[in-house]
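Q: How does the following fold in three dimensions:
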Amino acid sequence: MVTKTEEKRAFFDSIAAQWDSFGGPPDAPHKMREFVRIASAHRPSRILDVGCGTGILVPHLMEERAGAQIVELDLSPQMLAVNKSKHGAAAVEFFCGDLVSAPLGASSFDAILFFNVLPHFDETGAALGRAFGLLAEGGRIAVGHLMGSAELNAFHATVDGPVRQDRLPGSTQLAELLEETGFRVLQVDERSDWYLVLAEKAKR
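A: Take a look at the predicted model:
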């Protein structure tokens, strides 16, 4: 029997070659730069880009945090292949797999970014818990989207395929989930065209 994870992997594999041509709102590059700026304001040296896809954040990460280690993680090998074709010569590491089971070391990252990906996790709590374990004390998690949760959820409902039921919690709800996981929430900002929740693994 095919699992949901396998269905989503096949779905994103099938659209990987066209992904970069789908585009986005005219201000998407500005918003991505702003997301990276906020997510890396504490000057992390090792960054995990979860659900990195074709690597749309990589140029912004390299510009904002030159010299930092960037780890690109994605479930789809085809998405990762496109990413590698664009950024393979840079100082970037690539891992293909699921966040929850990926062979990554505990407390090994200073920043974990979830950009345009959190709704695709079947268990949001498990993803946040895994991120908490992977972050060093003082490390930060940033969740971002180019639209608000209501707008994104309405869009997903129109898409044929395994992401049709994928939903993003409202920013206040996500902040509560992060606090329940053990994070200290630093910033919550949601509009129809923007979504950002930033939290920290507080130092003991």
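Q: tell me how far the host helix or strand of Gly139 is from the chain's mean position?
A: Per DSSP states H and E: Gly139 is located in strand 135-145. Remark: strand 135-145 is offset 10 Å from the chain centroid, using Cα atoms, centre = their mean, to the nearest Å.
Q: Sheet-wise, list the partners of that strand with their directions.
A: strand 109-115 (parallel), strand 194-200 (antiparallel) (DSSP bridges).
Q: Could you dump those strands into a markdown table with mean neighbour count added?
A: For glycine as for every other residue, the C-beta is placed from the backbone atoms N, C-alpha and C. Output for the strands paired with strand 135-145, formatted as a markdown table (neighbours: other Cβ atoms under 10 Å):
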| stretch | mean neighbour count |
| --- | --- |
| strand 109-115 | 25 |
| strand 194-200 | 22 |
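Q: which of the residues in the helix or strand following the strand holding Gly139 are buried?
A: Next helix or strand after strand 135-145 toward the C-terminus (DSSP H and E): helix 149-156. Within helix 149-156, the residues scored as buried using 16 or more other Cβ atoms under 10 Å are 149, 151-153, 156.
Q: What lies in contact with helix 149-156?
A: 119, 145, 147, 163-171, 190, 192-193, 195 (Cβ atoms under 8 Å, 6 or more residues apart in numbering).
Q: circling back to that earlier point, mind putting the strands paired with strand 135-145 into a markdown table with distance to Arg184 and mean pLDDT?
A: Shown next, in a markdown table, are the strands paired with strand 135-145 (distance: least, Cβ to Cβ, whole Å; pLDDT from 0 to 100):
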| stretch | distance to Arg184 | mean pLDDT |
| --- | --- | --- |
| strand 109-115 | 15 | 98 |
| strand 194-200 | 5 | 98 |
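Q: okay if I get the ones you listed as TSV plus distance to Ile38?
A: Output for the strands paired with strand 135-145, formatted as TSV (distance: least, Cβ to Cβ, whole Å):
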stretch	distance to Ile38
strand 109-115	10
strand 194-200	6
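Q: State the mean pLDDT of the strand holding Gly139.
A: Across strand 135-145, the average pLDDT comes to 98.
Q: That one versus helix 149-156: what angle between them?
A: Interaxial angle of strand 135-145 relative to helix 149-156 (axes from the mean of the first three to the mean of the last three Cα atoms, to 10 degrees): 70 degrees.
Q: Stretch 105-123: end-to-end distance?
A: End-to-end distance of stretch 105-123 (Cα to Cα, to the nearest Å): 21 Å.
Q: who wins for proximity to Pro77 among the strands paired with strand 135-145?
A: Nearest of these to Pro77, taken as Cβ to Cβ: strand 109-115 at 19.6 Å.
Q: one step back: name the residues of the strand holding Gly139 that are buried.
A: With burial defined by 16+ other Cβ under 10 Å, the residues of strand 135-145 counted as buried are 135-136, 139-145.
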